[in-house]
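K.L.:
make a model of this:
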Amino acid sequence: MFTRRTFFALLVLIFVQSAFAQVTDKEPPKTVSEDLRKEAVGFLRETSAEVGTLRSLENRISFSSEMAGLMWFYDEKESAAMYGTVITDFKQLLADYDAQMNAMGIKPDESEYRMGIFSGNQDDKSRVTQKFYKALSVRQQIAMSLAEHDATLAFDFYYDSLSVISNPELRKTIEQRDSYFETQFIKQLVLKDAAKAAELARRSLAKGVNWQQADLLQKIYEKDAEKGAEFADAIVKKFKDDKVSASNLYNVAAFLRMGAENSEKIKKEGGKKPMFTDSNLRDLAEILAQGILQKKETEEFDVSTNIALIEKYAPARAVQIRTKFPNKIKPKSAFVTREADNTEFGLKSAPIPPSKVSSENEARKEQEDAMKNVMKLGSKELPKEEREKIIAQSRKIINGMDNKQEKLLALSMLASQVAAAGDKELAAEIMKDAQLLVNPQPKNYRDFIEIWFLASAYATTDADKAFPILEDAIYRLNDTLSAFIKVGEFLDISGEMIDDSEVQVGGFGGSMINGLTRELGIANSTIRSLAIADFGKTKGLTNKFDRTEVRILAKMLVLRAVLGDETKPKSEAVLTEADTF
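P.N.:
Prediction:
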């Protein structure tokens with residue numbers, strides 16, 4: 001028999017990944033036609049004009065940046081012009097805040113204190129400081145949007161825009177806090193231009209060597225061994241030039257281990273320049289050994305982990321370490337099994353009865369077979385009798401589920417598979433069972449999620465039924481959003497999240513728009529199916545949202561689903577350190 005938990009887990013994995021858009025020989029994949037793409041571009045231009053009605057300049061800049069990013073997939077020249085306007089507006093915004101902060105005499109350490117969210121500070125200095133840091137977050141969002149298309153241009157904007165800040169102390173503080181974001185940026189660039197990435201990576205060493213650069217080095221080396229080796233050499237030189245602090249010994253050890261592993265691999269496989277030269281590895285071992293020897297016996301630190309590498313590349317230093325810290329080095333021990341390790345802590349595992357193992361294996365096999373059968377429903381070769389048997393068995397299993405949401409997901413997936421097999425009537429019958437599980441008057445977030453699941457399934461089985469379901473849900477959601485905003489305004493007395501009755505989607509966290517359109521990208525297949533079925537109705541759904549900023553966000557989700565370049569491989573996501581602002 002199926003275990004409900006395992007069956008549901010397997011269901012969700014496939015269900016969410018395919019987003020209700022299973023493709024079979026009987027139903028060729030639905031693609032966005034050129035006519036639909038042109039219609040979507042017109043919709044993009046309409047939405048771009050609507051962005052101009054937003055009250056918040058941060059929102060206008062951030063939304064416009066995303067619009068420019070979507071336009072890139074259709075017209076790079078027009079997109080570049082849109083980005084140019086965004087960059088000009090942003091620099092002016094940042095310059096205005098910078099001038100206000102200078103006029104008020106706000107110092108870097110004071111700005112850090114004042115910027116806290118929900119701090120309750122209502123003086124002019126606090127408000128200006130909050131807006132300034134929101135602008136810096138918007139700067140990250142613009143740079144991320146640019147990096148999707150032209151990482152070099154994104155870097156130029158990111159560094160040039162910082163030059164607008166006239167206070168050298170404040171600019172230095174921001175540069176230091178940008179280190180994490182900068183590293184993620186360089187990783188993005190590696191995919192397109194390893195030489196440029198290596199150049200910027202070496203430049204980042206001016207702030208010191210940190211743990212993030214180990215992963216960065218690995219990515220540059222994988223893309224271009226020569227450039228990776230140059231970056232590795234620069235890292236060693238930086239370690240030698242700087243006085244390595246006790247906290248940075250971990251980083252030295254990490255690079256030494258990475259280099260040693262790479263060296264051994266290259267010696268066996270050949271055909272590639274090693275990441276670190278032997279001389280560099282000896283230097284790293286020397287730096288690490290000296291750092292260890294400077295420690296006191298009373299200090300807590302790990303020697304055993306690195307002593308073997310130090311012995312290999314700096315044997316004389318290893319002798320000194322063993323002499324000075326004989327009690328810090330653990331003797332080599334033989335490999336212990338999990339059972340032996342548990343016994344050491346008095347936790348010896350009880351043996352598993354053979355009958356139970358056999359039962360679990362049979363259940364697992366049955367679950368795997370059942371899932372394979374469900375996924376074969378759309379196959380041409382599957383006989384009608386066998387298909388009916390699989391459907392009957394699946395419906396029996398689903399009916400035995402206790403959890404309503406799990407049952408809804410399972411029925412929706414089954415209906416999608418049945419529809420893909422060509423039996424629209426049976427799919428409609430299954431969807432009726434699914435619809436009975438959904439609250440037609442959603443009140444809480446779970447109710448709305450279930451409505452979305454239902455509409456998503458209808459998007460591929462009967463799109464005409466999905467539109468009224470979503471329209472009614474949006475109508476009800478408007479009241480919920482309105483109430484949420486009122487509560488938010490009541491709590492957010494500093495105006496950090498809601499300013500002038502407008503949610504700061506573009507400002508708060510900087511990457512909120514960029515992140516939301518990607519986090520919600522799981523809905524792409526459903527939205528694309530609806531757009532292909534009836535683009536006019538899909539556009540109409542977005543206009544049902546009362547709030548302008550929410551309405552524009554919904555339109556962007558539709559635009560990304562239709563215009564987003566799904567054919568190109570996804571580049572590594574650029575992350576922000578939004579919590580630092």
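K.L.:
next one: Gln141 from Ala232, what distance?
P.N.:
Using CB to CB, to the nearest Å, Gln141 is found at 32 Å from Ala232. Every residue, glycine included, has its C-beta placed from N, CA and C.
K.L.:
do Leu559 as well
P.N.:
For Leu559 relative to Ala232 (CB to CB), the value is 43 Å.
K.L.:
and Ile220, by the same measure?
P.N.:
9 Å.
K.L.:
Phe545 too?
P.N.:
For Phe545, the distance to Ala232 (CB to CB) stands at 52 Å.
K.L.:
higher neighbour count, these two?
P.N.:
Ala232 (27 against 19; other CB atoms under 10 Å).
K.L.:
run through this protein and note the low-pLDDT ranges.
P.N.:
1-30, 108-122, 244-247, 301, 330-384, 494-496, 506-523, 565-581 (pLDDT under 70).
K.L.:
one more time with 50
P.N.:
Within the chain, the segments meeting pLDDT under 50 span 1-29, 113-119, 333-349, 507-521, 566-581.
K.L.:
in the protein, what residue sits furthest out from the centroid?
P.N.:
Largest separation from the mean C-alpha position in the chain: Thr323, at 48.4 Å (CA atoms, centre = their mean).
K.L.:
helix, strand or coil: sort out that residue for me.
P.N.:
The local conformation at Thr323, judged by DSSP: H, G, I helix; E, B strand; the rest coil, is helix.
K.L.:
list the contacts for it?
P.N.:
For Thr323, the contact set (CB atoms under 8 Å, 6 or more residues apart in numbering) is empty.
K.L.:
any idea how far it is from Ile329?
P.N.:
11 Å.
K.L.:
next up, the contacts around the residue nearest to Val236 when sequence neighbours are not counted.
P.N.:
Closest residue in space to Val236, ignoring its immediate chain neighbours: Asn280 at 4.6 Å, by CB to CB, 6 or more residues apart in numbering. Residues near Asn280 by CB under 8 Å, 6+ apart: Ala232, Asp233, Val236, Gly259.
K.L.:
go through the residues you listed and give me the one with the most neighbours.
P.N.:
For the contacts of Asn280, the largest number of neighbours (other CB under 10 Å) sits with Ala232, at 27 neighbours.
K.L.:
was I right about it contacting Lys273?
P.N.:
No: applying CB atoms under 8 Å, one finds Ala232 not in contact with Lys273, separated by 10.0 Å.
K.L.:
Val32 contacts Leu559, correct?
P.N.:
No: checked against CB under 8 Å, the pair Val32 and Leu559 is beyond contact range at 11.5 Å.
K.L.:
walk me through the domains of the protein.
P.N.:
For the chain, automatic domain parsing gives the domain ranges 4-31+400-580, 34-41+51-344.
K.L.:
just put these in a markdown table and tack on distance to Glu388.
P.N.:
Output for the domains of the chain, formatted as a markdown table (distance: least, CB to CB, whole Å):
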| stretch | distance to Glu388 |
| --- | --- |
| domain 4-31+400-580 | 9 |
| domain 34-41+51-344 | 36 |
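K.L.:
whichever strand or helix holds Lys219 packs against which elements?
P.N.:
Element membership for Lys219 (DSSP states H and E) is helix 212-223. Counting contacts by 3 or more CB pairs under 8 Å, 6 or more residues apart in numbering; DSSP states H and E, helix 212-223 is packed against helix 179-190, helix 194-204, helix 225-241, helix 249-269.
K.L.:
out of the contacts of Asn280, what pair is the most spread apart?
P.N.:
Spatial extent of the contacts of Asn280 (CB to CB) is set by the pair Asp233 and Gly259 at 10.9 Å.
K.L.:
if we can go back for a sec, which residues are contacting the helix holding Lys219?
P.N.:
Under CB under 8 Å, 6+ apart, the answer for helix 212-223 is 179-180, 183, 186-187, 190-191, 194, 197-198, 201, 204-205, 227-229, 231-232, 235, 251, 254-255, 258, 262, 275.
K.L.:
now the element after the helix or strand where Pro468 lies, going C-ward?
P.N.:
Using DSSP H and E, the element containing Pro468 is helix 463-491. Per DSSP H and E, helix 463-491 leads on to strand 498-499 as the next helix or strand towards the C-terminus.
K.L.:
packing partners for the next helix or strand after that following strand?
P.N.:
Next along the chain after strand 498-499, taking DSSP H and E as the criterion, comes strand 502-503. Using 3+ CB pairs under 8 Å, 6+ apart as the contact criterion, the neighbours of strand 502-503 among helices and strands are helix 548-563.
K.L.:
need the contact list for the nearest residue to Lys404 once chain neighbours are set aside.
P.N.:
Among residues not flanking Lys404 along the chain, Leu437 sits closest, at 5.3 Å (CB to CB, 6+ apart). Contact analysis of Leu437 by CB under 8 Å, 6+ apart lists Lys404, Lys407, Leu408, Leu411, Glu450.
K.L.:
most widely separated two among those residues?
P.N.:
The most widely separated members of these, counting by CB to CB, are Leu411 and Glu450 (11.5 Å).
K.L.:
quick one: which of these two has more around it?
P.N.:
Leu411 (26 against 21).
K.L.:
which neighbours do Asp233 and Gly259 have in common?
P.N.:
Phe276, Asn280.
K.L.:
how many residues are close by the closest residue to Ala229 other than its chain neighbours?
P.N.:
For Ala229, ignoring the flanking residues on the chain, the nearest one in space by CB to CB, 6+ apart is Lys273 at 5.1 Å. Look at Lys273: counted by other CB under 10 Å, it has 15 neighbours.
K.L.:
Lys273 in helix, strand or coil?
P.N.:
coil.
K.L.:
I figured it was touching Lys227, is that so?
P.N.:
No: using CB under 8 Å, Lys273 makes no contact with Lys227, being 10.0 Å away.
K.L.:
can you give me the helices in the stretch 51-200 of the chain?
P.N.:
57-72, 76-104, 108-114, 124-147, 151-162, 168-177, 179-190, 194-204 (DSSP state H, counting those that start in this stretch).
K.L.:
may I see the buried residues of stretch 418-433?
P.N.:
Val418, Ala419, Ala420, Ala421, Asp423, Leu426, Ala427, Ala428, Ile430, Met431, Asp433 (16 or more other CB atoms under 10 Å).
K.L.:
next, the last one: phi, psi?
P.N.:
Dihedral pair for Asp433: phi -60, psi -40, per degrees, to the nearest 10.
K.L.:
now swap in the second one and tell me
P.N.:
According to degrees, to the nearest 10, the main-chain angles of Ala419 amount to phi -60, psi -40.
K.L.:
and it, how far from Val562?
P.N.:
Counting by CB to CB, the gap from Ala419 to Val562 is 22 Å.
K.L.:
do the same with the first one
P.N.:
The gap separating Val418 from Val562 is 27 Å, by CB to CB.
K.L.:
Glu297 too?
P.N.:
Distance check for Glu297 against Val562: by CB to CB, it reads 67 Å.
K.L.:
could you do Val41 as well?
P.N.:
Val41 is 9 Å from Val562, by CB to CB.
K.L.:
go on, Glu311?
P.N.:
With distances taken as CB to CB, Glu311 is found 61 Å from Val562.
K.L.:
so which of those two has more stuff around it?
P.N.:
Neighbour count, other CB under 10 Å: between Glu311 and Val562, Val562 has more, with 25 against 17.
K.L.:
which residue sits closest to the more buried one, ignoring its sequence neighbours?
P.N.:
Ala40 (4.2 Å).
K.L.:
for the one you found, helix, strand, or coil?
P.N.:
Per three-state DSSP, Ala40 ends up helix.
K.L.:
just give me the neighbour total for it.
P.N.:
Neighbour tally, Ala40, other CB under 10 Å: 24.
K.L.:
same check on the one 10 residues further on?
P.N.:
A count of nearby residues for Glu50, using other CB under 10 Å, gives 15.
K.L.:
did I read that right, it in a helix?
P.N.:
Yes: counting by three-state DSSP, Glu50 is found in a helix.
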